[in-house]
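> Predicted model and sequence follow; I will ask about them next.
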Amino acid sequence: MPRFIDIYIKKLDELQKNIQEKMREFEKSPLYPLIKEEFTKNYIKLEKRDERYDGDVLAVDSGYRIANLDDGGVFYVVRAMAKSKNISKRVLETDYDFVSENDIEGRAIFGRISEHCEHIALLDAIKDGFEGIVLVDGSLYGRICHVPMEVELMSRRDLMAEYFSTLIHLLDTARKKKITIIGVSKESRTRFFKEYLLMELAKRICSENGIDCRNITDTISMALDRKKEALNDVKKIVRDTGIQIFEDIVYEIISRKPDFMFVKNFAQEEGYTIPLHLGPSKRLRRLYNEIEENVANAIKRRFPVCSENEDFIEKYREVFINLQEMPSIISFHLLPSIHDTPMRIDVVPWAVGSDLKMKDVDWPLPAKVDIMEILKILLAGYCGPQNYNIWLSAVDSEVRLKKANFENMYLKRFKEVFEKVLLGRGYRRFTK
């Protein structure tokens, strides 16, 4: 028997009991039935559906691999594709560079490069005449909500400036051509629906008790980025009103429980959560204010090295100004099967007749729009838990870069060109 398996089994038993106890604690909470009640009001059952869609669909995805080298640098390859029945656009980016020592930050950079390549591929497809439905793997809202700032990649410090220049151009082009773009994420860690439910619950309690809701709603909003201050404020509100559940609401806002946990716990049948307009993060809202005050200073603050070149500031001045005109993405969760986990769906607003901008939304706001056509497309592409979208699965199989392919094609050729290249010990030990 391996030396550690006995310890592992004991730890696993303890972990199982711990997880079960945490779930029981939540279910025993006085907040649990109240959230469930709000959930039921804002969850819509899927009606009988037509599982065919004959329109043209363009699927967009990407994949990447990196190799740590013995000199501290990294070699990377990013591949992206936008593919429909008649169009196939490919983008590949590769380089040798030095990246942040923080592994999480480093991988986030390559994630942004991957998204950037997807945007380029999608733009190429639209320029070639594609006018159908676009499905993108991942969150549209997440892309819009990145804060543009210098990255720790030596030759690409300006990555996020170019990223937003391309993204703004893509969204503007799609809006003018009335092209629907849908982002599809599996088991997203987002909490926007939970935040909406808790805010609605707080307002309802205030209404039932004849209380002005401004203090508690301001405190709930504050809890997203000023936790300590919010906890102090809610204790005072509880003392003044005698309503303990307000404190439970603030603690739940602070918790990391994602939306999909609530959908899995409360949904009794296939369905979807009400679509919500999403606003900017607190960090992005602060950037808007800085841009209003002085756009050049906002650029210098976030791109200190790049902005040493005055041409950089002039080149991206309009990009920063246009950040405030980003559309308010409409988001909801779709549970196509009670035996599956929900998908997080993002839709550009013009696809459903809205022109709301992100800067005009403070808290998740119900989008009074018809999403039946969006649902029809998503359900037509759904093939069960192992294949949640046929179009995205097809393009994923073409861009996913497996270790063997990376080493036998890209890395092998790289080593042939640069004869003295050696892989770092970290790559040999930890890559799969």
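Thanks, I have it.

> For the stretch 301-432 of the chain, just list every one of the helices.
Taking DSSP state H, counting those that start in this stretch to define them, one finds helices in the stretch 301-432 of the chain at 310-322, 372-380, 390-399, 403-405, 412-417, 425-430.

> could those helices go into JSON lines alongside distance to I345, mean neighbour count and mean pLDDT?
Using the backbone N, CA and C atoms, a C-beta is placed for each residue, glycine as well. Output for these, formatted as JSON lines (distance: least, C-beta to C-beta, whole Å; neighbours: other C-beta atoms under 10 Å; pLDDT from 0 to 100):
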{"stretch": "helix 310-322", "distance to I345": "25", "mean neighbour count": "16", "mean pLDDT": "96"}
{"stretch": "helix 372-380", "distance to I345": "7", "mean neighbour count": "18", "mean pLDDT": "94"}
{"stretch": "helix 390-399", "distance to I345": "12", "mean neighbour count": "18", "mean pLDDT": "96"}
{"stretch": "helix 403-405", "distance to I345": "31", "mean neighbour count": "11", "mean pLDDT": "92"}
{"stretch": "helix 412-417", "distance to I345": "39", "mean neighbour count": "12", "mean pLDDT": "85"}
{"stretch": "helix 425-430", "distance to I345": "34", "mean neighbour count": "12", "mean pLDDT": "46"}
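
> Can I get these in JSON lines including distance to R112?
Converted to JSON lines, those look like this (distance: least, C-beta to C-beta, whole Å):
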{"stretch": "helix 310-322", "distance to R112": "15"}
{"stretch": "helix 372-380", "distance to R112": "26"}
{"stretch": "helix 390-399", "distance to R112": "16"}
{"stretch": "helix 403-405", "distance to R112": "22"}
{"stretch": "helix 412-417", "distance to R112": "22"}
{"stretch": "helix 425-430", "distance to R112": "21"}
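
> Low-confidence bits of the protein, can you list those?
For the chain, the stretches with pLDDT under 70 are 1-2, 49-50, 101-105, 419-432.

> most residues in a single strand of it, which one?
The residue-count maximum for a strand in the chain (DSSP state E) belongs to strand 57-68.

> Please identify which helix or strand holds A80.
Using DSSP states H and E, the element containing A80 is strand 74-83.

> the inter-axis angle of that strand versus helix 390-399?
Per axes from the mean of the first three to the mean of the last three C-alpha atoms, to 10 degrees, the angle that strand 74-83 makes with helix 390-399 is 140 degrees.

> Determine the angle, from 0 to 180 degrees, between strand 74-83 and strand 57-68.
Going by the same axes, to 10 degrees, strand 74-83 makes 170 degrees with strand 57-68.

> Give the other helices and strands that strand 74-83 contacts.
strand 57-68, strand 88-97, helix 103-127, helix 390-399 (3 or more C-beta pairs under 8 Å, 6 or more residues apart in numbering; DSSP states H and E).

> just the CA coordinates of that strand, formatted as CSV?
C-alpha atoms of strand 74-83 as CSV (Å, rounded to 0.1, in the frame of the first residue of the first chain):
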residue,chain,number,x,y,z
VAL,A,74,8.5,30.8,-21.1
PHE,A,75,7.7,29.6,-24.6
TYR,A,76,4.0,29.7,-25.4
VAL,A,77,1.6,28.9,-28.2
VAL,A,78,-2.0,30.2,-28.3
ARG,A,79,-4.5,28.9,-30.9
ALA,A,80,-8.0,30.4,-31.6
MET,A,81,-10.7,29.6,-34.2
ALA,A,82,-14.0,31.0,-35.3
LYS,A,83,-15.8,28.3,-37.3
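
> Can you list the buried residues in that strand?
Buried residues in strand 74-83, counted by 16 or more other C-beta atoms under 10 Å: 74-83.

> export the residues you listed to JSON lines and tack on distance to K10?
Below are the buried residues of strand 74-83 laid out as JSON lines (distance: C-beta to C-beta, whole Å):
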{"residue": "V74", "distance to K10": "39"}
{"residue": "F75", "distance to K10": "42"}
{"residue": "Y76", "distance to K10": "41"}
{"residue": "V77", "distance to K10": "42"}
{"residue": "V78", "distance to K10": "43"}
{"residue": "R79", "distance to K10": "44"}
{"residue": "A80", "distance to K10": "45"}
{"residue": "M81", "distance to K10": "47"}
{"residue": "A82", "distance to K10": "50"}
{"residue": "K83", "distance to K10": "49"}
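
> one step back: buried deepest among the helices and strands packed on strand 74-83, which one?
strand 57-68 (a mean of 24; mean count of other C-beta atoms under 10 Å).

> mind checking the SS state of the closest residue in space to R204 that isn't next to it in sequence?
Spatial nearest neighbour of R204, excluding adjacent residues (C-beta to C-beta, 6 or more residues apart in numbering): E38 at 7.7 Å. Classification of E38 by DSSP: H, G, I helix; E, B strand; the rest coil places it in helix.

> and E38, how many neighbours?
20 (other C-beta atoms under 10 Å).

> can you pull the contacts of it?
197-198, 200-201, 204 (C-beta atoms under 8 Å, 6 or more residues apart in numbering).

> all strands of this structure, in order?
43-45, 57-68, 74-83, 88-97, 133-137, 180-186, 271-273, 276-277, 330-335, 343-347, 365-366.
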